[in-house]
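# coordinates only, sequence not included:
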């Protein structure tokens, strides 16, 4: 864990910002809780006992470290050296568990007995349900009604793990409104409840805490590639919804000569329905932070669309907004169709079934690869596995599978 | 921003302050009524506002409908949805305000979320609001830490920045908030979102007394106030007014499709709340 944040030092408002983005745009009722959380995090992240316990859970419970797998067939096909960072192999099936473990231990550190979470694809909800069970904390997960339907398997998993799943029927009935409802619930229960936010979004200190807990991905990747190749990679590709897996793998490479690509949900195309907040959005305020978002000219937040529930979000983490403006990370989008093709491509080429979210990164790698020299080292963050998406893919592909 | 001492000169000399002073002279607390602008549609919303004022609303609060109202409970969320679907937007909001103030002298306060203000341009939003006749603006998701630009715009255009104090606000923060706020202090009586309740939490009475020690600004409790009994409890604890929102918005919901019925339900409700 690191707490040397980007601009996150001192006691002024500057500490809450990533460049000009971030901040704490929340109702007054939550300010005390954010301050308590920030203090607790600063203590915990400097407490060797806390860090040791988190490391132990990450290894023995979640299954870290995850492999950095060389892909011979994909490499031959794309004409460069392609590695996958295998977050799909983690317990729960996705990178979300890194953050869920960190924050649940932090909640316990603060003496909170209850966790709430929002979830889109259900991966973060499942991760929260898992850590809640393991650490004996009660868990309520807010999930849009539409997502409950398209990710029914994960709803069942959460319930089996003892969590309560609260379907959210307001607004767009997806991740955006699940997040609103979690924030509302937190306002009312702030004394005994920790809001275990699932991505690098929300008011400060959440974007920093989640980034720090996820940056274990990039730290391991760095060690592994140095060991395997004796040098840093040339590029890293990750999908971006809220942006936690991407920031997790990018963060330890920000000051290196490594090209970083964030791939957003292009949905039905950037002139139709999509979830490409950084590619097509404008700066604004949603869920406690100033960042890019999809909204109309008056400021009403608009509905996003993606084949993958985990990328179906009209906002994005404020640190990504800063990295976009600085030109440090380049953000691109791929369509639902390209993601679906990539889902089958990786499954059939390497025997690894990626989550539809991660399939966006694979799809962009397929576009980028052929332009690169053959000694180019490309790392793709395989943020999750595709078991949860089998139903969706079957529904779309039908007999063509 | 540098902190300033809360003092008499921070009490706005504007229309909101005058309303509270008048109330004080007459020995009665103010009734501050909330409705969502454009709920359920522009024309009915205008009629509701007029009915509220005629029924004795001392300060009218207009909610600016937003797609993601995180401080609001289900009643106001639904109202926001109705208003947005009926075509309410920032242009129409200011024209509604103009229509309302043309017919009345009652001070008008906007409750709005940050993105609606930011997207318009912070200074432009306050300038247009002032031109339309708005006297105070509360931005629900802009705490004092983020408020500098919003307060500067309010100052530049003669609008009172209304700010919230809640049961979780520390004494240090209360001091800071009251030093920037003008018009009145919005006392959030519960940890939670808006929505009609029928309790008076003892900690909200304690909060009222605590904040009183920090400022001479008028204090108006809100969130969850729907009954005369609650209002009386806050009045006798020293509140200068009470804010009622969801209970009024519910009358819209219950009588949807019948503008006459909405207006008479709202009128009867406010008359009951104002009864001596």
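In hand now; what should we look at? Keep in mind it's a predicted model, so treat the numbers as computed, not measured.
# please enumerate the strands of chain A.
A:17-18, A:21-22, A:68-70, A:81-86, A:114-119, A:138-144, A:164-168, A:193-195, A:235-239, A:259-267, A:282-286, A:289-293, A:329-335, A:377-382 (DSSP state E).
# what lines up beside the longest strand seen in chain B in the sheet?
Longest strand in chain B, counting residues (DSSP E): strand B:30-36. Strand B:30-36 sits in its sheet next to strand B:59-63 (parallel), strand B:241-244 (parallel), going by DSSP bridges.
# ok, back up a step: for chain B, find the nearest of the strands of chain A.
Proximity to chain B (CB to the nearest CB) singles out strand A:282-286 among those, at 4.3 Å. (C-beta placed from N, C-alpha, C; glycine too.)
# go through that closest one and flag the buried ones.
When neighbours are counted by 16 or more other CB atoms under 10 Å in any protein chain shown, the buried residues of strand A:282-286 are found to be A:283, A:284, A:285, A:286.
# what about residue B:157, how many neighbours?
By other CB atoms under 10 Å in any protein chain shown, 18 other residues sit near residue B:157.
# spatially nearest residue to it (excluding sequence neighbours)?
Using CB to CB, 6 or more residues apart in numbering or on different chains and skipping the chain neighbours, the partner closest in space to residue B:157 is residue B:130 (3.9 Å).
# ok, residues contacting the helix or strand harbouring that neighbour?
Using DSSP states H and E, residue B:130 sits within helix B:122-132. Contact partners of helix B:122-132, identified using CB atoms under 8 Å, 6 or more residues apart in numbering or on different chains, comprise B:90, B:94-95, B:97-98, B:101, B:110, B:116-117, B:120, B:137, B:149-150, B:153-154, B:156-159.
# one more pass at 6 Å, please.
Applying CB atoms under 6 Å, 6 or more residues apart in numbering or on different chains, the contact partners of helix B:122-132 are B:94, B:97, B:98, B:117, B:149, B:153, B:154, B:157, B:158, B:159.
# any idea how far the second one is from chain A?
Put plainly, it is residue B:97. Using CB to the nearest CB, to the nearest Å, residue B:97 is found at 15 Å from chain A.
# burial of that residue, as a residue count?
Neighbours around residue B:97, by other CB under 10 Å: 22.
# check the first one too.
Burial of residue B:94, expressed as a neighbour count using other CB under 10 Å, amounts to 20.
# ok, it - contacts?
By CB under 6 Å, 6+ apart, the contact list for residue B:94 reads B:128, B:132.
# if I've got this straight, it is in a helix?
Yes. The assignment for residue B:94, made by DSSP: H, G, I helix; E, B strand; the rest coil, places it in a helix.
# sorry, back to before: distance to residue A:201 and mean pLDDT for the strands of chain A - can I get that in TSV?
Below are the strands of chain A laid out as TSV (distance: least, CB to CB, whole Å; pLDDT from 0 to 100):
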stretch	distance to residue A:201	mean pLDDT
strand A:17-18	12	98
strand A:21-22	10	98
strand A:68-70	27	98
strand A:81-86	22	98
strand A:114-119	10	97
strand A:138-144	14	97
strand A:164-168	17	97
strand A:193-195	12	98
strand A:235-239	15	98
strand A:259-267	14	98
strand A:282-286	8	98
strand A:289-293	6	98
strand A:329-335	16	98
strand A:377-382	18	98
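# would you reformat these as TSV and include distance to chain B?
Below are those laid out as TSV (distance: least, CB to the nearest CB, whole Å):
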stretch	distance to chain B
strand A:17-18	10
strand A:21-22	10
strand A:68-70	39
strand A:81-86	33
strand A:114-119	12
strand A:138-144	12
strand A:164-168	11
strand A:193-195	11
strand A:235-239	24
strand A:259-267	19
strand A:282-286	4
strand A:289-293	8
strand A:329-335	21
strand A:377-382	29
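# in TSV: those strands, plus distance to residue A:29.
What follows is the strands of chain A, written out as TSV (distance: least, CB to CB, whole Å):
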stretch	distance to residue A:29
strand A:17-18	22
strand A:21-22	20
strand A:68-70	44
strand A:81-86	39
strand A:114-119	15
strand A:138-144	18
strand A:164-168	20
strand A:193-195	13
strand A:235-239	34
strand A:259-267	33
strand A:282-286	17
strand A:289-293	17
strand A:329-335	34
strand A:377-382	36
